[in-house]
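*Asks:* curious how this folds, go ahead:
(one chain, ligands or ions: 2)
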Amino acid sequence: MSADSEKDYSDFDKILNHTTELDLSSTPLATQVASELNKKSRLEKVSHPTPENTRIIAITNQKGGVGKTTTTVNIAASLAQGGKNILVIDLDPQGNCSTALGVNHESSIPSIYECLINSTPVNDIIQPCPDIKNLDVAPATINLSGSELELVSMVSRENRLKKCIKNYTDFRSNQGLPRYDFILIDCPPSLGLLTINAFTAADEILIPIQAQYYALEGLSQLLNTINLVKSQLNETQKPPLMLITMYDSRTNLSNDVVNDVHEHFPKQILNTIIPQAVRLSEAPSHAQTIITYEPDSIGALAYKEAAYEISTWNYRED
Ligand SMILES: Nc1ncnc2c1ncn2[C@@H]1O[C@H](COP(=O)(O)OP(=O)(O)OP(=O)(O)O)[C@@H](O)[C@H]1O
Ligand SMILES: [Mg+2]
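*Replies:* Ligands and ions are numbered 1, 2, ... in the order given. The predicted model follows:
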């Protein structure tokens, strides 16, 4: 859906609040608006189930700019607003996730880099997201860009993030602090040691797939890497889930990507599709997620729906 349709949507929203005579099936746009409003009222009523154990999910795709960070922060914010306790780990030296969640990530502050390289306790680097309750952030600074090289010669180099997380969750439990329901890891756009650390630490993987040309290029390499890590370091990891992002209903290309992913990975693709929406790209410049920046926009509704789908996802054994 385009920025234009988003604008029209809010106009219609106003109309709907002031008249009872609008025939919602009269035009395609009105039908779309009715569907968005239905979605909104449905999502207001849902509650996210509390997982039995902390679910650790890595959001990954070595392709750049496909919506990894946007997905991480908005799923995290949706789950936190739904009352879950959330930790977001920014594992990308760009620190975009830290920016979008409004936490400090200047190079001088202690960050996930110190945890990975110097074994600094995660507790020492955590910052609460200023706008959203129940949401903590382990920020990334630019220092993390050197860690790929530094990790190479370190002992147990693929397991360092897993160990940091385990030590921290044990610490919280010993201190009587609330357990995290979800830990989301925002990966960098590469398949280097940082990403391998995320794959080793995560029980689950979420792959955002941009509904654009070349979307599936590189996907088999990504899946091979995930399988390799699973077979050697993380046997209990679940099969990766996929989420279509930046979908533009006006283009055949977007529909082709959705159809391709459904055809090849029918059991791994979320039903929710994230539309191309200008508000989603504006929110980070206000150091916010779309969930606080514009909670009723189509982008926010889509991410709330995706969060609900993830929180209730039933991994089938076959
Ligand atoms: N659904 C969307 N509609 C419009 N813009 C979007 C959408 N999702 C993300 N964007 C914008 O696209 C750009 C890339 O998104 P994002 O940073 O989430 O991707 P990424 O995969 O994390 O990138 P990188 O590989 O650099 O880490 C950002 O400017 C973001 O605001
Ligand atoms: Mg990113």
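
*Asks:* endpoints of stretch 287-304, how far apart?
*Replies:* 19 Å (C-alpha to C-alpha, to the nearest Å).

*Asks:* mind listing what's buried in it?
*Replies:* 287-294, 297-304 (16 or more other C-beta atoms under 10 Å). (Each C-beta comes from the backbone N, C-alpha and C, glycine too.)

*Asks:* helices - which of those residues land there?
*Replies:* 290-293, 298-304 (DSSP state H).

*Asks:* restricting to those, which residues neighbour ligand 1?
*Replies:* residue 299 (C-beta under 6 Å from any ligand atom).

*Asks:* can I get the ones in helices among the buried residues of stretch 287-304 in TSV including pLDDT?
*Replies:* What follows is these, written out as TSV (pLDDT from 0 to 100):
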residue	pLDDT
290	97
291	96
292	95
293	96
298	95
299	96
300	96
301	95
302	96
303	97
304	96
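
*Asks:* burial of residue 136, as a residue count?
*Replies:* 21 (other C-beta atoms under 10 Å).

*Asks:* shouldn't it be within a helix?
*Replies:* No - Residue 136: not assigned to a helix; according to DSSP: H, G, I helix; E, B strand; the rest coil it is strand.

*Asks:* OK, contacts around residue 279?
*Replies:* 6, 290, 293-294, 297-300 (C-beta atoms under 8 Å, 6 or more residues apart in numbering).

*Asks:* which residue is the nearest non-sequential neighbour of the residue most central in space within the chain?
*Replies:* When C-alpha atoms, centre = their mean is applied to the chain, the residue found nearest the centroid is residue 72 (2.2 Å). Distance criterion C-beta to C-beta, 6 or more residues apart in numbering; nearest residue to residue 72, sequence neighbours excluded, is residue 186 at 4.1 Å.

*Asks:* pretty sure that neighbour sits against residue 67.
*Replies:* No - using C-beta atoms under 8 Å, residue 186 makes no contact with residue 67, being 11.0 Å away.

*Asks:* tell me which of the two has more neighbours.
*Replies:* Counted by other C-beta under 10 Å, residue 186 and residue 67 do not tie: residue 186 has more neighbours, with 29 against 22.

*Asks:* hey, where'd the helices end up in the stretch 51-200 of the chain?
*Replies:* 68-81, 96-100, 112-118, 147-152, 160-175, 193-201 (DSSP state H, counting those that start in this stretch).

*Asks:* can you list contacts of the longest one?
*Replies:* Applying C-beta under 8 Å, 6+ apart, the set of residues contacting helix 160-175 from outside is 54, 56, 89, 91, 112, 115-116, 119, 121-123, 151, 154, 156, 178-180, 183, 185, 197-198, 200-201.

*Asks:* one more time with 7 Å, if that's ok
*Replies:* The contact list for helix 160-175, computed with C-beta atoms under 7 Å, 6 or more residues apart in numbering, reads 54, 56, 115-116, 121-123, 151, 154, 179-180, 183, 197-198, 200-201.

*Asks:* next: the last one.
*Replies:* The contact list for helix 193-201 (C-beta under 7 Å, 6+ apart) reads 56, 58, 60, 91, 147-148, 151-152, 157-162, 165, 185, 187-188, 226, 229, 233-234.
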